[in-house]
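[1] how would this look folded up:
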Amino acid sequence: ENNFVQKVDTVQEEWLNFGVDDYSSESDVIIIPSALDFVSQDEMLTPLGRLDKYAASENIFNRQMVARSLLDTLKEVSDDERDCIAVLERVSRLADDSEPTVRAELMEQVPHIAMFCQENRPSIPYAFSKYLLPIVVRYLADQNNQVRKTSQAALLVLLEQELIERYDVEAKVCPVLVELTAPDSNDDVKTEAVAIMCKMASMVGKDITERLILPRFCEMCCDCRMFHVRKVCAANFGDICSVVGQQATEEMLLPRFFQLCSDNVWGVRKACAECFMAVSCATSQEVRRTKLSTLFINLISDPSRWVRQAAFQSLGPFISTFANPSSSGQFFKEEECKNTEDRNLAEEHSNERIVATEDIPTHDVQSQTELPLVADESDFAETLENDKEESNFMLVHSLPETMFHCTSSSESCQEAANKNEQSFDCCSIAVLPAPAPSSQEKPLSDQELYNSFNFWRTPLPKIDIDLELQETAETLDSETQEGEQEVVASASSNVTMATRKELEEMIENLEPHIDDPDVKAQVEVLSAALRASSLDPQEETTAGIGKSVDSQNELSIKDHLKSALRYIHNDSDFSTNSSFSPEEEKKSKIQDIVPQALLDQYLSMTDPSRAQTVDTEIAKHCAYSLPGVALTLGRQNWHCLKDTYETLASDMQWKVRRTLAFSIHELAVILGDQLTAGDLVPVFNGFLKDLDEVRIGVLKHLHDFLKLLHPDKRREYLYQLQEFLVTDNSRNWRFRAELAEQLILLLDLYSARDIYDYLRPIALSLCADKVSSVRWISFKLVSEMVKKLYSAPPPTFVVDLMNELVETFCRCQKWSGRQTFAFICQTIIEDDCLPMDQFAEHLLPHLLLLASDRVPNVRVLLAKTLRQTLLEKEYFLTCVSAHQEAVEQTIVALQMDNDNDVKYFASIHPASTKIADDAMSTASSTY
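    The predicted structure is shown next:
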């Protein structure tokens, strides 16, 4: 017997070692191992026993399983603090495993174990800090790459979940990371440690970052041996700046950033360009304008194409950091700006002028002429000198003491101003009160009215006028009012030979480029100015009909002189550059919000040569950031971006146009109603006829854009909504679904008549769509349309619509049409779109007729609608009427239906009553 017992013990021991069956040598009894016996042996062990057993196994897979089951083991022994501590001690021993896959598996479980310890702190106090955190920190320097990566990810998760105490971060984590970034550290470990330091900065806060991380980060930025380290620092520079704040950024980080931007490795410079916006956000406006803008220009002109590509992609976001926070509020209607109390004095004057010029009805000439903008010109000039927004009134600033009056009707001046690129500034002058014309003055001819001298280019904000020439203009003013005939002689005699010589030199320099239409127009302007400055008063006398010179000629001479003065005394370096190219013409559009060099580079992103030398998708990046740049510059500087926007809107790449289509509604809010109507509506109309990929951008924000337009302009788009039903690909059902969504929103923008005439046919067409998802949204559209028409007079619209629903769907030959009618009725009832008495009168009788429909699916939906929706309404619960009796009789009939599903839904009251559930239950029959 003893021998038999020994044999049995031996066999069981071999079973545990995955052995084979054995038998006794002293008997013929064969012992066959059972799986149940094996499991029972394992289950007889305690959780700690099983942990010890498999942790000591030589099988790598068993040790991996131990690491995976640590959390389950902890949960089993969580009631006993000593057992929990014992498990964590075994975790520490398992961390010394020689197999990297076991260590990596253990590290993946550490965040889960830490979370469990956090939730059970009373039972396991300080368990994570004592047992787990040292393992995580030690693995940061592990020889195996997979283990290091896993420990880095675990550390970031622990910091993000705030599972590491602040003291532990300072005492255990940061010192190790600083040590790993020492000069003699392993290159790979150093690079990874720098990345971890940068990523954890935002999690540990400003104080720890400044004291423990920032000094070593600055050292790593100057690492001369490893460009990988510098590249990591450059890529995360913006994150560090955003954490430490403006002072530390400007004092400690900016010098290092300048070094990185001029690094000899293009990858480092590229990383700097990519984080430029974040760095800019952490600096002051002065540093941003004086230092960072120059630095960014260097990156844009970098020898490496990849650096230039990254810089141009960051150009728009960088420009957006120049926005003034004090004026970030946007008003779509200019009248709203006028009523804002917290605007400064200069802004108040600016907004009042905008409203005055934009809100004048063009047909009322008399009211425009008599509109008093300012009581006294001298006071107004003084106010303008103190105005911070000088760019709004550049023409007024250019000649503050010689402001001229438009002697023609204000309506004509308004038309002339609209022909100019800077119609805003010209309109501001065109509506100034004009002196009453004398009876001797002749009306201006069309040629003189649209003289290019008045509207040939953008006026500059500051023009230094020679005293002698200014006195000439003042003399002309005084002599014009007195009507003296010696004005012309005085003007020509006071214009110096130096002035004429400069004009002649300009014309001579421009003549080689006369083929350019813009240059030709400039030559004509200068030639006219030269003729005006050299007129002979005797010739004028003989050429006159009754006088030597009339007041109109005097005004013409004044304008010529002023235009010539603008040519000679400007800020565009005309005197140093003999050629006047279209590029310089663009630079004349000066604004003081963004450094002009940055804006010029942004505007050049639409140049076709940029696509060849920088990035083929550079135009798309320009389009993507354009709303942010427009918001930064403000609507007063929209003229700087208008040409660029129109170029992008006509770009050959549909991705560029698609980007603009998705953001045109945001740009409309920035620009206001006047600029939107003039500049964005034509682009919007073009997008409506574009590819589906572009049209979807317009369609998704159709309501957002149309609500910004004037009601009359908005009504014009009613005729084009039908075109959205036609797509390039008929399978593009999401396009029609989006149309239905937008039509629901558009109901609030149009009258009952417009809804019935234009939106109703589209809605009924969508209700019969081939795709069920389109139909579900269309049911909601029709129900909202019924609600809108019922609340708006006259009531005939809603009655006609309900009658059409009956004719189109309820009496449809196809069973899907009759089912659609039931769905629409169900939606109308659920959303309370009609009073129940109106529903019972117009739609309920036709709905009940579906009880005899030959298709079971229709009867099933009818049963659901009556049971789950209609009978829940108070009208049918409290009021005894013929309609209620008809409904009850129909339900009784449905309960005796031949179809089991119909009887089921007519007999019971399921918990779910939503139309979406009906859609799911009938999905197989409604696609």
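[2] after the helix or strand harbouring A104 comes which helix or strand?
    When secondary structure is defined by DSSP states H and E, A104 falls within helix 100-119. Sequence-wise, the next helix or strand downstream of helix 100-119 (DSSP H and E) is helix 127.
[3] helices or strands next to that following helix in the packing?
    With contacts defined as 3 or more Cβ pairs under 8 Å, 6 or more residues apart in numbering; DSSP states H and E, helix 127 has these neighbours: helix 81-94. C-betas here are computed from N, CA, C, even on glycine.
[4] just the buried positions in the helix it packs on, please.
    Judged by neighbour count (16 or more other Cβ atoms under 10 Å), helix 81-94 contains these buried residues: 83-88, 90-91, 94.
[5] kindly report the same for stretch 189-207.
    Buried residues in stretch 189-207, counting neighbours by 16+ other Cβ under 10 Å, are found at 189-204.
[6] residues in contact with that stretch?
    Residues external to stretch 189-207 that are found in contact with it (Cβ atoms under 8 Å, 6 or more residues apart in numbering): 140-141, 148-149, 152, 155-156, 159-160, 166, 169, 173-174, 177, 180-182, 185, 209, 213, 216-217, 220, 226, 228-229, 232-233, 236, 239-240, 242-245.
[7] run through the stretch 301-450 of the chain and note the low-pLDDT ranges.
    Filtered on pLDDT under 70, the stretch 301-450 of the chain yields the residue ranges 325-450.
[8] quick revisit: give the other helices and strands that the helix holding A104 contacts.
    Using 3+ Cβ pairs under 8 Å, 6+ apart as the contact test, the elements touching helix 100-119 are helix 60-68, helix 70-76, helix 81-94, helix 133-139, helix 145-160.
[9] which neighbouring elements make contact with the second one?
    Same thing as helix 70-76. The criterion is 3+ Cβ pairs under 8 Å, 6+ apart, and the helices and strands that helix 70-76 contacts are helix 47-55, helix 81-94, helix 100-119.
[10] make a markdown table out of the ones you listed and add mean pLDDT and distance to L844.
    Output for the helices and strands packed on helix 70-76, formatted as a markdown table (pLDDT from 0 to 100; distance: least, Cβ to Cβ, whole Å):
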| stretch | mean pLDDT | distance to L844 |
| --- | --- | --- |
| helix 47-55 | 83 | 67 |
| helix 81-94 | 85 | 68 |
| helix 100-119 | 89 | 57 |
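[11] dump those to CSV, plus distance to I891.
    Formatted as CSV, the helices and strands packed on helix 70-76 follow (distance: least, Cβ to Cβ, whole Å):
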stretch, distance to I891
helix 47-55, 61
helix 81-94, 62
helix 100-119, 53
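[12] which one of the ones you listed lies nearest to Y717?
    Comparing the helices and strands packed on helix 70-76 by their distance to Y717 (Cβ to Cβ), the top pick is helix 100-119, with 54.5 Å.
[13] the closest one vs helix 81-94, what angle?
    Counting by axes from the mean of the first three to the mean of the last three Cα atoms, to 10 degrees, helix 100-119 lies at 150 degrees to helix 81-94.
[14] how about helix 100-119, which residues are buried there?
    Judged by neighbour count using 16+ other Cβ under 10 Å, the buried positions of helix 100-119 are 100-107, 109-111, 113-117.
[15] contacts for that helix?
    Looking at what lies outside helix 100-119 - Cβ under 8 Å, 6+ apart - the contacts are 60, 63-64, 67-68, 70-71, 74-75, 78, 91, 94-95, 97, 124, 127-128, 132, 135-136, 139, 142, 144, 146-147, 150-151, 154, 157-158, 161, 163.
[16] could you tell me which of those count as buried?
    If you count burial by 16+ other Cβ under 10 Å, the buried members of those come out as 63-64, 67, 70-71, 74, 78, 91, 94-95, 97, 124, 127-128, 132, 135-136, 139, 142, 147, 150-151, 154, 158, 163.
[17] before we move on, back to that, for the helix holding A104, C-alpha coordinates in PDB please.
    Presented in PDB, the C-alpha positions along helix 100-119 are these (Å, rounded to 0.1, in the frame of the first residue of the first chain):
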ATOM      1  CA  PRO A 100      12.500  41.900 -21.900                       C
ATOM      2  CA  THR A 101       9.000  40.700 -22.900                       C
ATOM      3  CA  VAL A 102       8.200  40.000 -19.300                       C
ATOM      4  CA  ARG A 103       9.400  43.400 -18.200                       C
ATOM      5  CA  ALA A 104       7.500  45.100 -20.900                       C
ATOM      6  CA  GLU A 105       4.300  43.200 -20.000                       C
ATOM      7  CA  LEU A 106       4.700  44.100 -16.400                       C
ATOM      8  CA  MET A 107       5.100  47.800 -17.300                       C
ATOM      9  CA  GLU A 108       1.900  47.700 -19.300                       C
ATOM     10  CA  GLN A 109       0.000  46.600 -16.200                       C
ATOM     11  CA  VAL A 110       1.500  49.200 -13.900                       C
ATOM     12  CA  PRO A 111      -1.000  52.100 -14.700                       C
ATOM     13  CA  HIS A 112      -3.900  49.700 -14.000                       C
ATOM     14  CA  ILE A 113      -2.300  48.500 -10.800                       C
ATOM     15  CA  ALA A 114      -1.700  52.100  -9.800                       C
ATOM     16  CA  MET A 115      -5.300  53.000 -10.400                       C
ATOM     17  CA  PHE A 116      -6.400  50.100  -8.200                       C
ATOM     18  CA  CYS A 117      -4.000  51.200  -5.400                       C
ATOM     19  CA  GLN A 118      -5.400  54.700  -5.700                       C
ATOM     20  CA  GLU A 119      -8.900  53.500  -5.300                       C
END
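[18] low pLDDT regions in the protein?
    1-44, 121-125, 325-503, 505-506, 508-526, 528-589, 879, 909-927.
[19] K642 reaches L680, doesn't it?
    No - with contact defined as Cβ atoms under 8 Å, K642 does not count as touching L680 (10.0 Å).
[20] which helix or strand contains the closest residue to A886 other than its chain neighbours?
    Of all residues not flanking A886 in the chain, L848 sits nearest, at 5.8 Å (Cβ to Cβ, 6 or more residues apart in numbering). Here L848, judged by DSSP H and E, is contained in helix 844-848.
[21] name the residues of that helix that come out as buried.
    Of all the residues in helix 844-848, those buried under the rule 16+ other Cβ under 10 Å are 844, 846-848.
[22] could you list every helix and strand that it packs against?
    helix 815-830, helix 882-895.
[23] can you redo these as JSON lines, where the extra columns are mean neighbour count and distance to D901?
    Formatted as JSON lines, those follow (neighbours: other Cβ atoms under 10 Å; distance: least, Cβ to Cβ, whole Å):
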{"stretch": "helix 815-830", "mean neighbour count": "23", "distance to D901": "14"}
{"stretch": "helix 882-895", "mean neighbour count": "16", "distance to D901": "11"}
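[24] now those as JSON lines including distance to A619?
    Supplementary listing: the helices and strands packed on helix 844-848 in JSON lines, determined by distance: least, Cβ to Cβ, whole Å:
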{"stretch": "helix 815-830", "distance to A619": "45"}
{"stretch": "helix 882-895", "distance to A619": "63"}
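[25] of these, which is nearest C767?
    Ranking the helices and strands packed on helix 844-848 by proximity to C767 (Cβ to Cβ) places helix 815-830 first, at 5.6 Å.
[26] for H621, give me its contacts.
    H621 touches 312-313, 316, 605, 615, counting by Cβ under 8 Å, 6+ apart.
[27] relative to K713, which of those is nearest.
    Comparing the contacts of H621 against K713 with Cβ to Cβ picks out G316 as the nearest, at 29.6 Å.
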